[in-house]
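> Mind looking at a prediction? Sequence and model below.
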Amino acid sequence: MKGYVKNMKVAVIIGVGAGIGYAVAAKFARAGYQVALVARQAEKLEQYSQRIQSSGYQARSYSADAGNPESLKEVLQQIQQELGAVDTLVYNAASHHAGELVTLSDEAFLEDYRVNVLGAFVAVRSVLEGMRTLGGGTILLTGGGLALNPQSGLGSLSLGKAGLRGLALLLAEELRPYNIQVSTITVMGLVSPTTAFSPNHIADKFWEIHQMPVLPAEVQMAPDPEPTV
């Protein structure tokens, strides 16, 4: 890993796995960002960052638990000390316990909420000062269709995505005076490499939204329309 490169913007992606998280991190790295990859599993995370580095781009891995506020605050402070103020924050972490809501324990319900909603809130507050110093920034939250159409059996994730959507709408309004733009990309389908919801396609959408002069508070990413005959 090369050291910190001055004058390169910093993007933090929280919740990096083999799907959306890695695809978004790679997209921003190719666009010239120094990317900080954040997730719990340090060994896999290092593999993802090395894959980006091997293509000639800037990436560094940081292990943290998105459901643990202190862990998240600590690693975001470390990132900003090592790389500089964060220009773009992407929150992609999610947690889900299967089953009907009434069967979930209090602990399971709270565990999912801490990752799905609280973690995003903590992450945003942790980078605000730096974004204000930069004169602005971008915050992108990975939403889901469950926020609009909750499903039994996916109750904790449905509530999590609904909470995240509400958080995005509120933050978009509150942070606009600071030139900090917030948007949630509501993915209206199952993520799969063989569909319109492939990780790379979703990453392209994130970058497209990020490039807009004024970000909508929510973008609903729907399936591609069927071709007309």
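Looks like it arrived, so ask away. Remember, predicted model here, so these are calculated numbers, not experimental data.
> quick check: longest helix of the protein.
In the chain, ranked by residue count with DSSP state H as the criterion, the top helix is helix 155-175.
> Just the buried residues of it, please?
Buried residues in helix 155-175, defined by neighbour count with 16 or more other CB atoms under 10 Å: 155-165, 167-168, 171-172, 175. Any C-beta I mention is one placed from the backbone N, CA and C, and that applies to glycine too.
> now, which of the residues you listed sits nearest residue 85?
Closest approach to residue 85 among these (CB to CB): residue 175, at 15.0 Å.
> In this structure residue 37 contacts residue 24, no?
No. Using CB atoms under 8 Å, residue 37 is not in contact with residue 24; the gap is 9.9 Å.
> which neighbours do those two share?
Shared contacts of residue 37 and residue 24 (CB atoms under 8 Å, 6 or more residues apart in numbering): residue 13.
> So the two - more neighbours on which side?
Set side by side, residue 37 and residue 24 show more neighbours around residue 24, with 31 against 27, by other CB atoms under 10 Å.
> That one and residue 64: what is the separation?
17 Å (CB to CB, to the nearest Å).
> Check residue 157 too.
To residue 64, residue 157 is 21 Å away according to CB to CB.
> do residue 139 as well
The value you get for residue 139 to residue 64, if CB to CB is used, is 18 Å.
> Contacts only, for residue 162.
With the criterion set at CB under 8 Å, 6+ apart, residue 162 makes contact with 146, 147, 150.
> buried subset of those residues?
Buried, going by 16+ other CB under 10 Å: 146, 147, out of the contacts of residue 162.
> Closest one of the contacts of residue 162 to residue 81?
Distances from residue 81 to the contacts of residue 162, taken by CB to CB, are shortest for residue 147, at 34.3 Å.
> residue contacts, the closest one?
Counting by CB under 8 Å, 6+ apart, residue 147 makes contact with 158, 161, 162, 164, 165, 186.
> Can you give me the pLDDT of the fourth one?
We note a pLDDT of 96 for residue 164 in this prediction.
> what about it, distance to residue 181?
For residue 164 relative to residue 181 (CB to CB), the value is 16 Å.
> which residues of the protein fall in helices?
All helices of the chain, identified by DSSP H, fall at 20-30, 42-54, 69-83, 106-113, 119-134, 155-175, 199-210.
> who does the residue positioned nearest the centre of the chain bridge with?
Residue closest to the mean C-alpha point of the chain, counted by CA atoms, centre = their mean, is residue 91 at 2.1 Å. Counting by DSSP bridges, residue 91 is bridged to residue 14, residue 141.
> Where does the prediction get shaky in this protein?
Low-confidence segments of the chain (pLDDT under 70): 1-7, 224-229.
> still on that earlier bit, please report the distance of the residue nearest to the centre of the chain from residue 99.
According to CB to CB, residue 91 stands 25 Å off from residue 99.
> same check, this time on residue 35
The spacing between residue 35 and residue 99, counted by CB to CB, is 35 Å.
> try residue 111
Counting by CB to CB, the gap from residue 111 to residue 99 is 13 Å.
> Tell me which of those two has more neighbours.
residue 111 (17 against 14).
> what sits against that one?
67, 95, 97.
> Using TSV, please lay out those together with neighbour count and distance to residue 29.
Formatted as TSV, these follow (neighbours: other CB atoms under 10 Å; distance: CB to CB, whole Å):
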residue	neighbour count	distance to residue 29
67	20	26
95	18	26
97	17	33
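> May I see those organised as CSV, with distance to residue 10 added?
Formatted as CSV, those follow (distance: CB to CB, whole Å):
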residue, distance to residue 10
67, 23
95, 26
97, 33
